[in-house]
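>>> Please work out how this folds:
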Amino acid sequence: MYIEASAPRTTGQKARLFSPINTATNGACVTFFYSMYGATMGTLNVYTKVGSALGSPVLTTSGNHGNKWLQGQVTVTSVSSWQVRACLLSL
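Residues are numbered from 1 along each chain as shown. Model (predicted):
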């Protein structure tokens, strides 16, 4: 996922990424990479959507994490279809 954090980006703009809908019910580990570099970085929230319910964030991080890529992981256990959704909000 990428969103430019400097001009011409404006406060409150969002980048969103949705995984495919998955039907595995034995549990799954979803691994992804993200970079949050710069003084105007906002907040990254990662959610799991189970069925039609979008729960609370399972990962939240904010601010400048340096000029590097970081690995994130979300473990999903579900009895119905699920999806991982990420939203990056700019400052």
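>>> give the contact list for S35.
The neighbours of S35, taking CB atoms under 8 Å, 6 or more residues apart in numbering as the test, are Y2, H65, N67, K68, W69, L70. The C-beta positions use only the backbone N, C-alpha and C, and glycine is treated the same way.
>>> Quick one: those as a markdown table, columns for neighbour count, pLDDT and distance to F32 too.
Below are these laid out as a markdown table (neighbours: other CB atoms under 10 Å; pLDDT from 0 to 100; distance: CB to CB, whole Å):
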| residue | neighbour count | pLDDT | distance to F32 |
| --- | --- | --- | --- |
| Y2 | 9 | 64 | 13 |
| H65 | 16 | 94 | 14 |
| N67 | 9 | 93 | 18 |
| K68 | 9 | 94 | 15 |
| W69 | 11 | 93 | 10 |
| L70 | 13 | 93 | 10 |
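>>> Just name the closest of the residues you listed to Y47, please.
Here the nearest of these to Y47, counting by CB to CB, is L70; it sits at 18.0 Å.
>>> tell me which of the contacts of S35 is nearest to C87?
The shortest separation between C87 and any of the contacts of S35 is 13.4 Å, and it belongs to Y2 (by CB to CB).
>>> what are the phi and psi values for the spatially closest residue to Q83 that is not a sequence neighbour?
On the basis of CB to CB, 6 or more residues apart in numbering, the spatially nearest residue to Q83 that is not a chain neighbour turns out to be K49, at 4.5 Å. In this entry, K49 is assigned phi and psi values of phi -110, psi 120 (degrees, to the nearest 10).
>>> Give me the phi and psi for V76.
Main-chain dihedrals, V76, degrees, to the nearest 10: phi -120, psi 120.
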